[in-house]
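Participant: This is a predicted model, with the sequence first.
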Amino acid sequence: MTDDKLTNEFENIRGHLKSYILRITASVEDTEDILQDTWIKASRNLNTFRGDASLKTWLFTIASNLAKNNLRATNRWTENVTDICKVAAMQNQQFFQEAMHIRATSPQGQFEIKEHIAFCFTCISKSLPLEQQICLLLKGVYDFKVTEIAQIIENTEAMVKYYLHTARTKMIHIFEDRCALIKKEGICHQCTELNGIFNPRQNAQEELVKIRMARDASTSDKEKLFDLRTEVVKGIDPFESNAAELQLHHLEHNRKVMEDYLKKNPD
Amino acid sequence: MRFLITSFSIMAITVLTEAQNGVASTTKKTFSRSTSVKIEIKADPEIIWALLTNGSDYSRWNSTIVSLTGDLTKGSKIELKSTLDLERTFKLKVKEMIPPLKMIWGDAMGKRTYTLIPKTQGFTIFSMNEKIGGLMFPLFANKIPSFDKSFEQFAADLKKEAEAISNTK
């Protein structure tokens, strides 16, 4: 393995690595740090790369190990994160002023419902135990196989299957309970509410029809709807999309709110 | 002679199948009662072990458990609420843990033992036994409900969940 090959592969997967770390830490700053540390560690230890996994798998292993030692990654949120953060946002005028400014001035300040679906997935998945969240992301969003995930998290395939199944079951249950996009009784309407604020002239129903998960909500089962939700997440790069700056601003807000919340409610 | 051997073989297979088919059996004695269930599961012991040792997850897959709090590690204390008696919280201690083969929890009156025996081709034999007893046992023996149905449901739920996990692609 040569330095050139490592550099090429790292550049090829940089976007995926970066979004993966962000989804685990919910912190832009920590993501940049872990990404850089991944590169440094990979460069220094290139001679230990034996080739029994792909270079991509090896780089994700390094990033995952670094993320597991990151406090913001190990911090686990609550299932009702979006409720808690909504209340905090309503009381925080500065948050909305900044968001409106980004919306008005930034080329990455658009609000799109599908972007918010991906954002919401990140927030809710942070309520899973870390190992479960990692497995869910690696399989559903980054297309790793069970055998590769076992290498990345340095565990057995049996445990990866357990983590995947449990994570998926929990996520499906949470969205079934909460998400008004897939169930009429769902208690969370934040994506359409925010669409009303950021895109006041837009018809939310017309936008929803463009999203297959929302379109198929009444005809597909919960498993299929979760797969469609994961497809939405997979299609979005949280650093490069047209809504990136607005959504990252929102994510920073939610992370700070959850850090405060967890300090006050350690159990 | 050939008929005799065939008959014995059929009997042996029948006994083996019955023993692992998830049907519970109870043995009653003057000072104790013992209930057992055994079932064959097409999953690695590790998957079954993960299900058995993640307390907070029990109520998701196991319809006989209302809640289980506390760490399932050797020496830890746990609190269990079962559908057998919704009014009561069982305060138990984890007495033995041999991953991924054996776990025992219990209190002064009883002991529940979980055993996993790995078989070939990805199968595992799961067995669960609960023995309750003591000198005072005859005084309240009639007040303790039968565990048979609950044990059978526990084994069936575990099999269903473990096999679903095992089939994850």
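Facilitator: In hand now; what should we look at?
Participant: So which residues of chain B form helices?
Facilitator: Secondary structure of chain B (DSSP state H): helices at B:2-19, B:45-53, B:58-61, B:137-140, B:148-166.
Participant: So what's the gap between the longest one and the chain middle?
Facilitator: Computed by Cα atoms, centre = their mean, to the nearest Å, the chain-centroid distance of helix B:148-166 equals 9 Å.
Participant: Can you tell me which helices and strands it packs against?
Facilitator: If contacts are counted by 3 or more Cβ pairs under 8 Å, 6 or more residues apart in numbering or on different chains; DSSP states H and E, helix B:148-166 sits against helix A:157-178, strand B:32-41, helix B:45-53, helix B:58-61, strand B:124-133. Every residue, glycine included, has its C-beta placed from N, CA and C.
Participant: repeat that with 7 Å
Facilitator: helix A:157-178, strand B:32-41, helix B:45-53, strand B:124-133 (3 or more Cβ pairs under 7 Å, 6 or more residues apart in numbering or on different chains; DSSP states H and E).
Participant: Would you mind naming what in chain B lies close to chain A?
Facilitator: Within chain B, the positions near chain A by Cβ under 7 Å from any Cβ of the partner chain are B:D44, B:E46, B:I47, B:A50, B:D57, B:R60, B:A164, B:I165, B:S166, B:T168.
Participant: Please produce JSON lines containing these, extended by pLDDT and distance to A:I62.
Facilitator: Below are these laid out as JSON lines (pLDDT from 0 to 100; distance: Cβ to Cβ, whole Å):
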{"residue": "B:D44", "pLDDT": "95", "distance to A:I62": "28"}
{"residue": "B:E46", "pLDDT": "96", "distance to A:I62": "25"}
{"residue": "B:I47", "pLDDT": "97", "distance to A:I62": "28"}
{"residue": "B:A50", "pLDDT": "95", "distance to A:I62": "26"}
{"residue": "B:D57", "pLDDT": "92", "distance to A:I62": "30"}
{"residue": "B:R60", "pLDDT": "92", "distance to A:I62": "33"}
{"residue": "B:A164", "pLDDT": "96", "distance to A:I62": "32"}
{"residue": "B:I165", "pLDDT": "96", "distance to A:I62": "28"}
{"residue": "B:S166", "pLDDT": "96", "distance to A:I62": "30"}
{"residue": "B:T168", "pLDDT": "89", "distance to A:I62": "25"}
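Participant: how about these, which pair is most distant?
Facilitator: B:D44 and B:R60 (19.7 Å; Cβ to Cβ).
Participant: more crowded one of those two?
Facilitator: Between B:D44 and B:R60, B:D44 has the larger neighbour count (other Cβ atoms under 10 Å in any protein chain shown), namely 24 against 14.
Participant: what's the closest non-adjacent residue to that one?
Facilitator: A:A158 (4.1 Å; Cβ to Cβ, 6 or more residues apart in numbering or on different chains).
Participant: And the contacts of stretch A:11-23?
Facilitator: By Cβ atoms under 7 Å, 6 or more residues apart in numbering or on different chains, the residues outside stretch A:11-23 that reach it are A:28, A:31, A:34-35, A:38, A:56, A:59-60, A:63, A:67, A:122, A:125, A:137, A:142, A:237-240.
Participant: returning to that earlier point: flag whichever of the helices of chain B has the least confidence on average.
Facilitator: Ranked by mean pLDDT, the helices of chain B bottom out at helix B:2-19, with a mean of 48.
Participant: buried stuff in the helix or strand of chain A with the lowest mean pLDDT?
Facilitator: Least confident element among the helices and strands of chain A, by mean pLDDT, DSSP states H and E: helix A:204-209 (a mean of 90). By 16 or more other Cβ atoms under 10 Å in any protein chain shown, the buried positions in helix A:204-209 come out as A:A204, A:E207, A:L208.
Participant: and of those residues, the nearest to chain B?
Facilitator: A:L208 (30.5 Å; Cβ to the nearest Cβ).
Participant: pretty sure the closest one is in contact with A:I113, am I right?
Facilitator: Yes. A:L208 lies in contact with A:I113 (Cβ atoms under 7 Å); the separation is 6.5 Å.
Participant: For the residue lying closest to A:N254 once chain neighbours are set aside, give me its contacts.
Facilitator: Distances taken as Cβ to Cβ, 6+ apart place A:C85 nearest to A:N254, at 4.4 Å, with adjacent residues excluded. Neighbouring residues of A:C85 by Cβ under 7 Å, 6+ apart: A:H253, A:N254, A:V257.
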